[in-house]
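1. Predicted structure and sequence below. I'll ask about it afterward.
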Amino acid sequence: MDSILLVGTKEEKLDALLEKLGARVFNSKKGSLDALTEPVIDAIIWEDEEGDDLLSLYDIFRGTPSCKDASIVFAGSPARVELIRSKADLRLDTVSTPYSVGTLVAKIMGQLRQRKMEGGQGTLADINAQLRDLTDRFKKEVDEARDIQISLLPKSFPSDPRYEIAVKYTPLEEVGGDWYGFQVQESGAIAMQIADVTGHGLPAAFLGSMTKLALVASNKDAPGELFSHMNSLLTPQLPSGRFITMAAFRYEPDTGELQFARAGHLPGLLIRKDGKLEQLKGDGFAMGFMDESFFVEVKAKLEVGDVFIMCTDGITEVQNRAGTMLGLEGVGAAAKGATAEEMVKNILNRVEDFREERLLKDDVTLIVLKRKS
């Protein structure tokens, strides 16, 4: 089992992902570097912080018997990466922040694999060549995973004089844990679902694909019944600690009648023609907690000009520099425009302005339904 030391890393998912790959992970504060007392450290993932003396820290690593031969990946700003790369005698690899967790893990695991293949020997150039191959392979697999994920999403929505639908889906990484679905039912009603898997990246995308399969297998019209059946299929299959939040509506275009249910997800947002906001809540646990669960449906009627919105918390939990979240009220206030497409555009523009260039922390999915007649 490889021993990997994390120094100053800020990505919470890194420990869990490395452990799933079979590594033994240690965290160490740079003020003490207490984990250097371990008998052997095979690899170090070292994330820069402002004020670090890079060369002194590197000398500490190489001067400590437990990790003098460890593989090192340094993560820092482009300027700091360029600085450390200028020291040609340093034995390490680098990534620039903000980084993809998958790329970082591919680099360190590739270094460890290379060392084992060569009995612990090999030049830095050899290791970098292997890492490039591994990175290219990883990118190809991620691209294929993204293509599969996109293929599971609706290709288009019907052109109907009675309503408009607009959707925007943006994963945080190359692939994501958000997902949405759309169906025209035999009765003529339309149904849509939105889902948010814990985490993001490849593991979350895989569970999102499972969600689509459970939806197809359930084949229920009413949102509450659909969720009950989906939950019974998904819960026994989900890994421990993983769950899926969902929301769904069923809409009758002729009458404007809307049924809504949610499974631990955000409420639906109903915006009346006069601008009044209403939250549709219902009740139900996220999928993955109990094999049998009941989901309460709520009903509303959309009048001509009314709008109904579902979104994931990648939108509502975006924060400005003061730490304030946008919230559903902020989404509703930004939902201006004559068409559903304009509303989606304006909401996302508000998200961009509100976050004041802070990094997004989650996938973003937004669905807008507007009654036209």
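-> Yes, it's here.

2. Can you give me the distance of residue 83 to residue 136?
-> 26 Å (CB to CB, to the nearest Å). Any C-beta I mention is one placed from the backbone N, CA and C, and that applies to glycine too.

3. between those two, which one's more packed in?
-> With neighbours defined as other CB atoms under 10 Å, residue 83 and residue 136 compare such that residue 83 has more, 14 against 11.

4. That one contacts residue 52, correct?
-> No. Contact criterion CB atoms under 8 Å: residue 83 and residue 52 do not qualify, at 10.7 Å.

5. got a pLDDT number for the nearest residue to residue 208 once chain neighbours are set aside?
-> The shortest distance from residue 208 to any non-neighbouring residue, by CB to CB, 6 or more residues apart in numbering, is to residue 179 (4.1 Å). At residue 179, the model reports a pLDDT of 87.

6. next structured bit after the helix or strand that contains residue 179?
-> Taking DSSP states H and E as the definition, one finds residue 179 inside strand 178-184. Using DSSP H and E, the helix or strand that follows strand 178-184 in sequence is strand 190-197.

7. Mind listing the strands that following strand pairs with, and their directions?
-> strand 178-184 (antiparallel), strand 244-251 (antiparallel) (DSSP bridges).

8. mind exporting the strand holding residue 179 as PDB, just the C-alpha atoms?
-> What follows is strand 178-184, C-alpha atoms only, in PDB (Å, rounded to 0.1, in the frame of the first residue of the first chain):
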ATOM      1  CA  ASP A 178     -26.200  16.900 -12.000                       C
ATOM      2  CA  TRP A 179     -28.700  15.400 -14.400                       C
ATOM      3  CA  TYR A 180     -32.100  16.200 -15.900                       C
ATOM      4  CA  GLY A 181     -34.700  14.300 -17.900                       C
ATOM      5  CA  PHE A 182     -37.800  15.100 -20.000                       C
ATOM      6  CA  GLN A 183     -40.700  13.000 -21.200                       C
ATOM      7  CA  VAL A 184     -44.000  13.500 -23.100                       C
END
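
9. So which bits of that strand are buried?
-> By neighbour count on 16 or more other CB atoms under 10 Å, the buried set for strand 178-184 is 178-183.

10. show me the contacts for residue 321.
-> For residue 321, the residues meeting the contact criterion (CB atoms under 8 Å, 6 or more residues apart in numbering) are 356, 358.

11. tell me the contacts of residue 47?
-> 7-10, 74-76, 97.

12. Would you check how far apart residue 345 and residue 339 are?
-> From residue 345 to residue 339 the distance is 9 Å (CB to CB).

13. Between those two, point out the one with more neighbours.
-> Ranked by neighbour count (other CB under 10 Å), residue 345 and residue 339 place residue 345 first, with 16 against 13.

14. Hmm, the more buried one is touching residue 337, no?
-> Yes. With contact defined as CB under 8 Å, residue 345 and residue 337 form a contacting pair (7.2 Å).

15. Surely residue 18 is in contact with residue 105?
-> Yes. Under the contact definition of CB under 8 Å, residue 18 touches residue 105, with a separation of 6.6 Å.

16. Identify the contacts common to those two.
-> By CB under 8 Å, 6+ apart, no residue touches both residue 18 and residue 105.

17. Please name every helix or strand in contact with the lengthiest helix in the chain.
-> Longest helix in the chain, counting residues (DSSP state H): helix 124-151. Contact partners of helix 124-151 among helices and strands, from 3 or more CB pairs under 8 Å, 6 or more residues apart in numbering; DSSP states H and E: strand 93-96, helix 101-117, helix 202-218.

18. domain parsing for this protein?
-> What the record gives for the chain is the domain set 3-147, 153-371, from automatic domain parsing.

19. Let me see the contact set for residue 290.
-> Contacts of residue 290 (CB under 8 Å, 6+ apart): 231, 235.

20. repeat that with 10 Å
-> Contact analysis of residue 290 by CB atoms under 10 Å, 6 or more residues apart in numbering lists 231-232, 235.

21. Residue 179 too?
-> 149, 152-153, 169, 193-197, 204-205, 207-212, 215, 244, 246, 312, 363, 365.

22. quick one on the thing from earlier: tell me, what's touching residue 345 and residue 339 both at once?
-> Contacts common to residue 345 and residue 339, judged by CB under 10 Å, 6+ apart, are residue 166.

23. Helix, strand, or coil at residue 99?
-> coil (DSSP: H, G, I helix; E, B strand; the rest coil).

24. For it, which non-adjacent residue is closest in space?
-> residue 75 (5.7 Å).

25. isn't the one you found right up against residue 11?
-> Yes. At 9.1 Å, residue 75 counts as touching residue 11 under the criterion of CB atoms under 10 Å.

26. what's the angle from the lowest-mean-pLDDT helix or strand in the chain to strand 178-184?
-> Here the helix or strand of the chain ranked lowest by mean pLDDT, DSSP states H and E is helix 124-151, holding a mean of 71. Inter-element angle recorded for helix 124-151 and strand 178-184: 30 degrees (by axes from the mean of the first three to the mean of the last three CA atoms, to 10 degrees).

27. any idea how far residue 354 is from residue 141?
-> Distance from residue 354 to residue 141, by CB to CB: 35 Å.
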